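Peer 1: What follows is a predicted protein model with its sequence.
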Amino acid sequence: MLSVVLLAMFVTGCVTNTDSRFAREADRDKAVRNYVQLGTAYIGQNNLERARHHLERALELAPENPGALAAMGLVYNAEGESELAERSFKEALANNETYTRGHVYYGAFLYGERRFEDARDQFMAASRNTSYDDRASVFFNLGLTEERIGNLEGAVTAYRRAVDLSRGDPKSLMALSRTLVESGEYQAASRHYSRLMTLMQRNQNLRHSPESLYTGIRIARHFGERNKESSLGLLLKNNFPNSVEYQQYRVMMSNGQ
């Protein structure tokens with residue numbers, strides 16, 4: 001009888017201890033998540049001191065946490081410590097190779113370092129996660145890197161996905177229209193550019209850029225829409241006379257292209 005009671009006490013004690021351990025682990029995980037969220041928010045505010053404080057607290061609790069390591073990489077990069085930044089990004093992905101945000105952060109870092117092929121690999125890895133909440137931006141960044149390495153077809157493909165996933169984000173529509181023009185696909189470029197113009201008419205906060213005006217000029221010229229071309233050209237001249245696009249437009253006009 002005594003042995004049964006002792007066994008019951010032992011089992012009860014084990015359950016209590018196990019529950020307590022799980023509770024402590026849950027509390028620790030929650031604290032780490034909160035520290036990482038706070039640290040990332042402070043990075044967005046460019047308050048690196050506060051960001052570092054919260055991320056170091058997270059790493060004290062969980063030294064291998066990929067979120068904390070990747071965010072710390074952002075801090076190092078903002079401070080100009082590129083070697084430490086890359087080390088943090090690599091360590092984050094070594095601890096969790098499927099950590100999508102880590103691939104995004106690392107890809108952005110590599111893009112800034114002008115290591116475009118390496119950046120493309122990171123964005124490609126990030127794009128495979130179909131449940132990632134900002135997948136449209138991943139494809140937009142992928143399009144940028146494809147352009148940088150001269151893969152126009154890959155850029156068009158990536159921008160198409162960004163447009164589809166964002167349901168017509170203006171910057172994605174602009175990039176897709178421009179690269180379609182570069183590819184000689186004027187019909188498709190015109191269709192997407194028209195969508196962009198509709199958005200601009202509906203949203204007064206959207207304004208023409210030198211890029212959007214010059215893209216519209218090239219489309220109008222291809223289809224022989226002289227009045228539209230002249231109107232866009234005048235806007236480009238009046239609003240962005242020192243832009244690269246206006247110089248390109250002047251060359252186009254002088255060559256009669």
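Peer 2: Yes, it's here.
Peer 1: all strands of the stretch 101-250 of the chain, in order?
Peer 2: Counting by DSSP state E, counting those that start in this stretch, the stretch 101-250 of the chain has no strands to list.
Peer 1: For the stretch 1-150 of the chain, give me the ranges with low pLDDT.
Peer 2: For the stretch 1-150 of the chain, applying pLDDT under 70 flags the ranges 1-25.
Peer 1: again, only using 90
Peer 2: Counting by pLDDT under 90, the stretch 1-150 of the chain shows low-confidence ranges at 1-29.
Peer 1: residues near residue 167, how many?
Peer 2: 8 (other Cβ atoms under 10 Å). Just so you know, the C-beta spots here come from the backbone N, C-alpha and C atoms, and that holds for glycine as well.
Peer 1: for it, phi and psi?
Peer 2: Backbone dihedrals for residue 167, given as degrees, to the nearest 10, come out at phi 60, psi 40.
Peer 1: just residue 169 next, same as before
Peer 2: Dihedral angles (degrees, to the nearest 10) for residue 169: phi -60, psi 130.
Peer 1: what about it, neighbour count?
Peer 2: Residues contacting residue 169 under the criterion other Cβ under 10 Å number 18.
Peer 1: same deal with residue 48?
Peer 2: Around residue 48 sit 16 other residues, with neighbours defined as other Cβ under 10 Å.
Peer 1: ok, now residue 203?
Peer 2: 10.
Peer 1: distance of it from residue 227?
Peer 2: For residue 203, the distance to residue 227 under the criterion Cβ to Cβ, to the nearest Å works out to 25 Å.
Peer 1: Could you do residue 91 as well?
Peer 2: Separation of residue 91 from residue 227 (Cβ to Cβ) stands at 58 Å.
Peer 1: Same drill for these two, tell me which one is more crowded.
Peer 2: Set side by side, residue 91 and residue 227 show more neighbours around residue 91, with 17 against 8, by other Cβ under 10 Å.
Peer 1: can you pull the buried residues of stretch 103-119?
Peer 2: For stretch 103-119, a neighbour-count test (16 or more other Cβ atoms under 10 Å) marks 103, 104, 105, 106, 107, 108, 109, 110, 111, 115, 116, 119 as buried.
Peer 1: In this protein, what residue spans correspond to helices?
Peer 2: 2-44, 48-61, 66-78, 82-95, 100-112, 116-127, 135-148, 152-166, 170-182, 186-202, 210-222, 226-239, 244-255 (DSSP state H).
Peer 1: Packing partners of the second one?
Peer 2: In other words, helix 48-61. Under the contact criterion of 3 or more Cβ pairs under 8 Å, 6 or more residues apart in numbering; DSSP states H and E, the helices and strands touching helix 48-61 comprise helix 2-44, helix 66-78.
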